[in-house]
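*Asks:* Here is a sequence with its predicted model. Questions after.
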2 protein chains.
Amino acid sequence: MSPTREPGPSRRRFLGGAAAATAGLAVGGAAGFGIREATAAPVAQAATADLGAASVDRAAAVVPFYGSTQAGITTAQQERLMFASLDVTTTDVQELARMLGRWAAMAARFTAGRPVSDSPVRDEQPPFDTGEAEDLGPHSLTITVGFGPSLFDDRFGLADRMPPELTPFGTIPGDAVMKPGLSDGDLCIQACADDPQVVFHAIRNMVRAARGTAVLRWSQLGFGRASATGAGQVTPRNLFGFKDGTNNIHADDVTAVQEQVFVPAAADAGPTAWMAGGSYLVARKIRMEIESWDTDPLTDQERIFGRTKSSGAPLTGGEEFTPIDFAAQADGKPVIDVASHVRLAAPETNGGARLLRRGYNYTDGQDPDTGKLAAGLFFIAFQRDPQTQFKAIQTRLGRSDALNEYIAHIGGGLWACPPGVSGAGDWFGKGLLGDLV
Amino acid sequence: MSPTREPGPSRRRFLGGAAAATAGLAVGGAAGFGIREATAAPVAQAATADLGAASVDRAAAVVPFYGSTQAGITTAQQERLMFASLDVTTTDVQELARMLGRWAAMAARFTAGRPVSDSPVRDEQPPFDTGEAEDLGPHSLTITVGFGPSLFDDRFGLADRMPPELTPFGTIPGDAVMKPGLSDGDLCIQACADDPQVVFHAIRNMVRAARGTAVLRWSQLGFGRASATGAGQVTPRNLFGFKDGTNNIHADDVTAVQEQVFVPAAADAGPTAWMAGGSYLVARKIRMEIESWDTDPLTDQERIFGRTKSSGAPLTGGEEFTPIDFAAQADGKPVIDVASHVRLAAPETNGGARLLRRGYNYTDGQDPDTGKLAAGLFFIAFQRDPQTQFKAIQTRLGRSDALNEYIAHIGGGLWACPPGVSGAGDWFGKGLLGDLV
C-alpha cells in the first residue's frame, strides 16, 4: 500500500539509511536480489515493466546493514515488526561476544536477502537456515540490537561502563501494571521489514544462534506501522483510528536527528564512550481498551487527542501539519484541552524534548480474562537521553493524559543500542566488550 | 512480494473470484477506489506509471462480495488473515438475523474499501466506523461467514436443518490437546486481504456490530499465507521451511472445485437445501515445535515430508509439480516413506479425497509455559463433505504421520459456510433463517 503515500520508498531508503556510506557485504552480495542504485534508473525501469514491477522492487529492496549508526532507527519505517527480548544465560563474556559476532554476520546476510549460510548441509546435519524466507527477498529488512540495564550487573564486570542514560526509570505514573514477563531483558532485537515472514525468520534464526548463550524472554509481532520516520512518509493510523506521530522526527530533519536521536562523541565520556553513535530504545506495549473507545463520542475522542480524527488537523484548524495554537481559546476555555494528548506530548510542554518513534499496531487475539480483543500499540522510540526525553514526557502523560482512561502500559523496556557495525570484522557492541575477549 | 510469483494478481482475482458474475454494490460504488477492469488495460497502464503503480493497484484491488458462492474460498489466497469465532448470546432468532444482515451490509462496504457508513456523526455519537482502515484501500478483502454445529442446538429450532456433513468429528487421533478456548463457536468469520490492518478492521467492526447478539470466542491473526489457491499462484512456505500444499485445489481446476469444494443442489436435500452452493470450513490451529524441528537433520526433514526442502520436488525426482511415484523403491524400501506426510495426505491414499486449503503461518510470541516461540500453521480447508474429506484424511494423518512428532493440533473447528449473498436484499444464511423472521 505504501507507494500511494510514499513515492519511491526503496530508493529513498537507500539514500536515507544512516548506513548508506558503507554498504560492505550488503552491496552486490545478495544471491539473486539486486540492490537498487541511487539514480533515476528505477523510475525508467518501472515505465517498461509489467504490473508486478513495484512489488518486485519492494521485495528486493535492501537497506545497507554496515554503517556508523545502526539501521532501523532513521530508516523509513517498514510495514512489519518483530521485536524480541532475550536474557543472557552464560556468564562467559567470550561466549556472549561470539554470539554477538554471529548475530552481526547473520544480520549482514539476512538484510541482503541471504540465508544463514550457502554451504551445503552434510548428512545428518540440520539445515543451517530454517528456510521459510527462502523465496521472499529482504523487503528492506533492518536488524537493530540493544543492551538492557540488567546486562551491566556483576556477571560481566560491565557496571562502570553503564551510561547514566540507561538507568532504569523506576515506576513512572501509569506503569503499575507493567508485567515482568512482557518487560525488560538483557538484550533486544528489533527486526523491521515490509514482509512479516522475513522479520519472523530473522528473529527465529538469531534466537536459534543464541542457543546456550541467551534465551528468548518475550517477543511481539507488530502488524502495521503506526508512525512515520521517512522523509515524506505519510502518517499512518493507530487502532483508535487517529493518525499517530504527526510531529515525529523524520530522517530529513537533520538537526533533530543530530540533537535528539544519536549519542554524540564526547571527550569526557570515559568508560561509556562506546555509546557514541548509538541511541537509546524505549519500548512500551500499550494495551488499548478499544471496546470502550468505540463507544466514546467522536467529539470526545477528538478532544482527548486534540486533533480531528479523519484529517489529523489540530482542533485549532488547518491540515495535519499545521502548527498547533495551544493558546487559542473558545468560550473561555482552551481549544486544545489541557489534558489532551497532543498538548502533553508536545515539545513545547517538554522543554523541546522530542522522540523518534517507530510504533506498530498489534493484536494478540482475545484476552482470556476479559473476552475482549487484546490489541494496541507497540510503541518504540529512539532518543539520545531517555531520562530527559521519554521519561520526562511519559511522566507528564502518565499523570494527566486524558487518553489514560483508554490505555494501559503492560510491558516494555529500555535498551542501549550501540553504534553501527562498520564491516565484516566488527560486531554489535565490540566497543563495549571488545577489550574483554 | 506476490507479483514476482503471481503475474497480474488483481486482474486474476477479479476474473477468478466465484462472485465475478454479479458484482452488485462492489462495482463502481467504492469511494475513491476504482475497480480493475477485466481487460488488458492494467498492463498498458502500468507501463506508463511510476514505481508505485503495482502497489497502488494492489491496495485498490477489489474482490466482488456478491455472488452465488461466498468469496474467500476459491479467491486467489491473499497474504493476511484474521479469523474470528463468536458465540451467539441472544435466543431471539430475529436479533440473530438482523446481525447477519448488518454483517452482509458491512462486508459489501468493507470489501469495496468503504467504511461502515458515510453518514455524518451527530454530536455525542460515537463514530460509525473505528477508522483505522480509512486510508488503506480494500486490498482484495474477502469476508466469509460460517455456522458451527452448536448453532443448531435447541435455541433457534434449527436441529432438523443441520446437514449431516456438519456433525462434530468427535476425537480424531491427535486431537486430545485441542483447547476449548481455541476451538469451535456458533459463528465464524474468515477475513483475508493483502493488508493486516484491513482484516483487523473488518473483524473488529463486525464484532462491534454483534454487540448484544454475539460475542467473540477466540480469534487468530495469520501473518503470511501458507498455501496457494489461485491459478498459477506460487506455493509459499510454512514455518518448517517447506512449500506447503503443492497439490492444493486451485481455482482453475474446475472439476475439483465442482466435485470437492461446493455443495451441489440436490432435489432430496429437504431442510438442508440451504447449503447448496455452500462449503464446509475446517480450521486447525497447529502448533509447530520449531525448536525441535530445527535440530532435525535435513535428510530426516525431507523423509518426513517426502519432498526436497528447497525445491519442493518429491523425493522420487523432478520438480515441485512432478507427480509422486509412491511405488518407487531404493535399497528395498519405499523412496517415499510409508509414514511421510505427502503419502498419507495424498488423494491416492484417501480414495481421491482432496481439500481446498487456505492456511496461514502464525506466531503468538513466546509460550509462557515453555519459553519457546509459540508459532505454527493456522490451517483452513474448504470442502463439500468434511466427514469424507478432512475427517478421513486427518484420521489417517493423526494416527501415522511422521510429522506428528513436531506438531500439535491445539484448536480449531467446523463451520457450514452458506452460499454467497446475492445482492442488497440478501444476507448470510437467509436460506437457513429467512422463513423464521
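*Replies:* Perfect, I can see it now.

*Asks:* what residues does stretch A:419-428 touch?
*Replies:* Counting contacts by C-beta atoms under 8 Å, 6 or more residues apart in numbering or on different chains, the residues outside stretch A:419-428 that touch it are A:18-19, A:22, A:24-25, A:65-71, A:97, A:100-101, A:103-105, A:107-108, A:145, A:274-278, A:418, A:430-431. C-beta coordinates here come from the backbone N, C-alpha and C atoms, glycine included.

*Asks:* Please, a PyMOL command that selects the buried ones among the residues you listed?
*Replies:* Those of these that meet the burial criterion (16 or more other C-beta atoms under 10 Å in any protein chain shown) are gathered into one PyMOL selection, given here:
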select buried, chain A and resi 18+19+22+24+25+65+66+67+69+70+71+97+100+101+103+104+105+107+108+145+274+275+276+277+278+418+430+431
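
*Asks:* Which ones among the contacts of stretch A:419-428 lie within helices?
*Replies:* Cross-referencing the contacts of stretch A:419-428 with the helices (criterion: DSSP state H) gives A:97, A:100, A:101, A:103, A:104, A:105, A:107, A:108, A:430, A:431 as the overlap.

*Asks:* these two touch, right, the second one and residue A:432?
*Replies:* No: the pair residue A:100 and residue A:432 does not pass the contact test of C-beta atoms under 8 Å, sitting 9.3 Å apart.

*Asks:* Residue A:257 belongs to a helix, doesn't it?
*Replies:* Yes: checked against DSSP: H, G, I helix; E, B strand; the rest coil, residue A:257 lies within a helix.

*Asks:* Give the burial count for the closest residue to it other than its chain neighbours, as a bare number.
*Replies:* Leaving aside its chain neighbours, residue A:257 sits nearest to residue A:74 (5.9 Å; criterion: C-beta to C-beta, 6 or more residues apart in numbering or on different chains). A count of neighbours around residue A:74, defined by other C-beta atoms under 10 Å in any protein chain shown, yields 28.

*Asks:* same check, this time on residue A:168
*Replies:* For residue A:168, the tally of surrounding residues (other C-beta under 10 Å) stands at 12.

*Asks:* residue contacts, it?
*Replies:* A:149, A:414.

*Asks:* Please list the residues of the stretch 151-300 of chain A that sit near chain B.
*Replies:* By the criterion of C-beta under 8 Å from any C-beta of the partner chain, the positions of the stretch 151-300 of chain A lying close to chain B are A:181, A:195-197, A:200, A:204, A:207-208, A:215-221, A:223-224, A:234, A:236-242, A:290-291, A:294-299.

*Asks:* Generate a PyMOL selection restricted to the buried entries among these.
*Replies:* Applying 16+ other C-beta under 10 Å to these leaves a buried subset, and the PyMOL line that selects it is:
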select buried, chain A and resi 195+196+197+200+204+207+208+215+216+217+218+219+220+221+223+224+236+237+238+239+240+241+242+290+291+294+296+298
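
*Asks:* Which one of the ones in helices among the contacts of stretch A:419-428 is nearest to residue B:228?
*Replies:* Sorting these by distance to residue B:228 puts residue A:107 at the head of the list, at 30.5 Å, by C-beta to C-beta.

*Asks:* Quick check, pLDDT for residue A:40.
*Replies:* The confidence metric pLDDT takes the value 26 at residue A:40.

*Asks:* Check residue A:374 too.
*Replies:* In this model, residue A:374 is scored at 94, pLDDT.

*Asks:* Residue A:20 too?
*Replies:* Per-residue confidence for residue A:20 comes out at a pLDDT of 29.

*Asks:* what do you get for residue A:394?
*Replies:* Spelled out, the predicted local distance difference test score at residue A:394 is 96.

*Asks:* now residue A:374: how far from chain B?
*Replies:* Computed with C-beta to the nearest C-beta, to the nearest Å, the distance linking residue A:374 and chain B is 9 Å.

*Asks:* List phi and psi for that residue.
*Replies:* Taking degrees, to the nearest 10, you get phi -90, psi 100 for the backbone angles of residue A:374.

*Asks:* residues touching it, list them.
*Replies:* With contact taken as C-beta under 8 Å, 6+ apart, residue A:374 is in contact with A:287, A:363, A:364, A:365, A:366, A:367.

*Asks:* what about 10 Å?
*Replies:* Applying C-beta atoms under 10 Å, 6 or more residues apart in numbering or on different chains to residue A:374 gives the contacts A:287, A:288, A:290, A:362, A:363, A:364, A:365, A:366, A:367, A:368, A:410, B:219.

*Asks:* One more: residue A:359?
*Replies:* With contact taken as C-beta under 10 Å, 6+ apart, residue A:359 is in contact with A:77, A:81, A:222, A:224-228, A:236, A:238, A:244-245, A:248, A:283-284, A:286, A:376-381.

*Asks:* redo that, cut-off 6 Å
*Replies:* Taking C-beta atoms under 6 Å, 6 or more residues apart in numbering or on different chains, we find residue A:359 in contact with A:226, A:227, A:377, A:379, A:380.

*Asks:* Just the ones of those in strands?
*Replies:* Restricting these to those inside strands, with DSSP state E as the criterion, leaves A:377, A:379, A:380.

*Asks:* where exactly do the strands run in the stretch 101-250 of chain A?
*Replies:* In the stretch 101-250 of chain A, the strands defined using DSSP state E, counting those that start in this stretch lie at A:142-147, A:187-193, A:214-222, A:224-225.

*Asks:* now for the third one, which elements pack on it?
*Replies:* I take that to be strand A:214-222. Contact partners of strand A:214-222 among helices and strands, from 3 or more C-beta pairs under 6 Å, 6 or more residues apart in numbering or on different chains; DSSP states H and E: strand A:80-88, strand B:360-366.

*Asks:* May I see those arranged in a markdown table, with mean pLDDT and mean neighbour count as well?
*Replies:* Output for the helices and strands packed on strand A:214-222, formatted as a markdown table (pLDDT from 0 to 100; neighbours: other C-beta atoms under 10 Å in any protein chain shown):
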| stretch | mean pLDDT | mean neighbour count |
| --- | --- | --- |
| strand A:80-88 | 98 | 25 |
| strand B:360-366 | 94 | 23 |
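
*Asks:* Could I get the contacting residues of whichever residue of the stretch 201-350 of chain A sits closest to chain B?
*Replies:* When distances are taken as C-beta to the nearest C-beta, the stretch 201-350 of chain A reaches nearest to chain B at residue A:241, 2.4 Å away. Residue A:241 sits next to A:309, B:130, B:131, B:132 when contact means C-beta under 6 Å, 6+ apart.

*Asks:* For the second one, list the residues it contacts.
*Replies:* By C-beta under 6 Å, 6+ apart, the contact set of residue B:130 is A:241, A:294, B:204, B:205.

*Asks:* related to what we said a few turns ago, the residue of the stretch 201-350 of chain A closest to chain B - nearest residue in space that isn't next to it in sequence?
*Replies:* Closest residue to residue A:241 apart from its sequence neighbours, by C-beta to C-beta, 6+ apart: residue B:131 at 2.4 Å.

*Asks:* need the strands of the stretch 101-250 of chain A in JSON lines with distance to residue A:400 and mean pLDDT, can you?
*Replies:* Supplementary listing: these in JSON lines, determined by distance: least, C-beta to C-beta, whole Å; pLDDT from 0 to 100:
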{"stretch": "strand A:142-147", "distance to residue A:400": "30", "mean pLDDT": "98"}
{"stretch": "strand A:187-193", "distance to residue A:400": "29", "mean pLDDT": "98"}
{"stretch": "strand A:214-222", "distance to residue A:400": "27", "mean pLDDT": "97"}
{"stretch": "strand A:224-225", "distance to residue A:400": "28", "mean pLDDT": "92"}
